[in-house]
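J.: when you get a sec, could you give me coordinates for this:
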Amino acid sequence: MEKILGVEGGEKEVLELNKYVVGSVPTVMYIPEYISTAEEDLLLKNIYQAPLSKWKTLKNRRLQNWGGVVHEKGLLAQELPSWLKRVTNRICEESKLFPSAINHVLINEYLPDQGIMPHQDGPAYMPVVAILSLGSPVVMDFVPHPNLESTAETSENDTQDIIYEPSVTKGYKSSKYLPFSVVLMPRSLLIFKDMAYSDYLHGIKDSENHCYDEAVNAINGPSHDAETLAGLKIDGGDRVVHRTTTRVSLTCRLVTKVHKHLIKI
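T.: Down below sits the predicted model:
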C-alpha cells in the first residue's frame, strides 16, 4: 500500500490494486491478510451477536442482509451498524473504486459442504464488489456468462442477484473468455469489477473438498500469500482445501439508486 494525506491531516492507506491483480482478467484483485486475526474475531463476534431474526435461512446456507432492501427500483435504505461501517469505509477509502460509501452488505454463512450456484450480482448494484472472507478457506469459481437470453431465476435473498443452473454454463469453451478460480483464504479481500463482474458468473461448489491446482492466486498471485497457500494440504499431488469449519463472507456493494424514505431500525 501507499500512504496519502487524509482529510484531517492524518495518513491513510491506499491500495495499489495493480499489485494484486491475479489471472488474465485484469479486473480481478486478491488481497491476502487484508484484516488481522483480531479484526476477524471482532467481526465474527458482532455477526453472531445479531438477533436470530436477522438471519434468513436458504436451502444451502443462511445469511444476514444489512443496509436495507434491494429491489429493481433501487435501495430502500437502512443505515449500516458502526461495526460494519468501519470495514466498509476502509475498503471504500483504500480501494478508491466506489464513488460513494458502500451501502449494502450481505453476510453469508457456509457450512463445510455448502456453496452457492453460479450467479451474477443484480443490476441494482454498481459493477464492483468486494468480498471479505472469514473462517474456513474456500475456492470460488468464475465461469463465462451464458447467453443473456438463457432462462434465469431471481434468487431468494432479496438482493436481485441472478442465479443460473449449472447446465446453462456448458459450452463456455467456445467463448473468448476462459473459466478460472480463486482461493479465498481467511481475512482476504477479493475485489472484482467491470469485465469480471459483467462477463462472468461466480459460485462455490457444494463440497467439503476444493481442489485449487489451477487457482490463479496459487499460480501467479501475490507472493506474500504463497506461504499461506503452501500450508494447505496436498492429497495425491493435488492441492486441496479441506473445509472443516464454517466460512463467513461479507459481500460489500454499492446501490447507486437510493430511496429517500429510510427503514427505521
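J.: now do the strands in the stretch 1-150 of the chain.
T.: Ranges of strands in the stretch 1-150 of the chain, per DSSP state E, counting those that start in this stretch, are 2-5, 11-14, 28-31, 55-57, 62-66, 68-71, 74-77, 104-110, 116-120, 128-135, 138-144.
J.: show me where the chain has its helices.
T.: Assigned by DSSP state H, the chain shows helices spanning 37-48, 82-95, 194-198, 216-219, 226-230.
J.: do you know which of the ones you listed lies nearest residue 245?
T.: Between residue 245 and the helices of the chain, the shortest separation by CB to CB is 11.3 Å, and it involves helix 37-48. The C-beta positions use only the backbone N, C-alpha and C, and glycine is treated the same way.
J.: how far does that closest one sit from its chain's centre?
T.: On the basis of CA atoms, centre = their mean, to the nearest Å, helix 37-48 sits 17 Å off its chain's mean C-alpha point.
J.: return the set of residues that bridge with the nearest residue to residue 251 once chain neighbours are set aside.
T.: Leaving aside its chain neighbours, residue 251 sits nearest to residue 106 (4.4 Å; criterion: CB to CB, 6 or more residues apart in numbering). Listed by DSSP bridges, the beta-bridge partners for residue 106 are residue 65, residue 251.
J.: do you know how far residue 106 is from residue 178?
T.: Computed as CB to CB, to the nearest Å, the residue 106 to residue 178 distance reads 28 Å.
J.: okay, those two: which has more neighbours?
T.: The neighbour comparison of residue 106 against residue 178 (other CB atoms under 10 Å) goes to residue 106, with 22 against 13.
J.: okay, the strands of the stretch 1-150 of the chain, which one's buried deepest?
T.: strand 28-31 (a mean of 25; mean count of other CB atoms under 10 Å).
J.: quick one: list the elements packing against it.
T.: The contact analysis (3 or more CB pairs under 8 Å, 6 or more residues apart in numbering; DSSP states H and E) places strand 28-31 against strand 180-184, strand 189-193, helix 216-219.
J.: most tightly surrounded among the helices of the chain?
T.: helix 216-219 (a mean of 20).
J.: got the contact list for residue 34?
T.: For residue 34, the contact set (CB atoms under 8 Å, 6 or more residues apart in numbering) comprises 132, 187, 188, 189.
J.: what of residue 99?
T.: 126, 254, 256.
J.: same check on residue 183?
T.: Counted by CB under 8 Å, 6+ apart, residue 183 has contacts 137, 138, 139, 212, 215, 217, 218, 229, 232, 241.
J.: low pLDDT regions in the stretch 1-150 of the chain?
T.: Low-confidence segments of the stretch 1-150 of the chain, defined by pLDDT under 70: 1-14, 147-150.
J.: scratch that, the stretch 151-265 of the chain
T.: For the stretch 151-265 of the chain (pLDDT under 70), the answer is 151-176, 220-237, 260-265.
J.: what about 90?
T.: Scanning the stretch 151-265 of the chain for pLDDT under 90 picks out the ranges 151-178, 212-214, 218-241, 257-265.
J.: against residue 139, how distant is the nearest residue to residue 141 once chain neighbours are set aside?
T.: Of all residues not flanking residue 141 in the chain, residue 181 sits nearest, at 4.7 Å (CB to CB, 6+ apart). Separation of residue 181 from residue 139 (CB to CB) stands at 5 Å.
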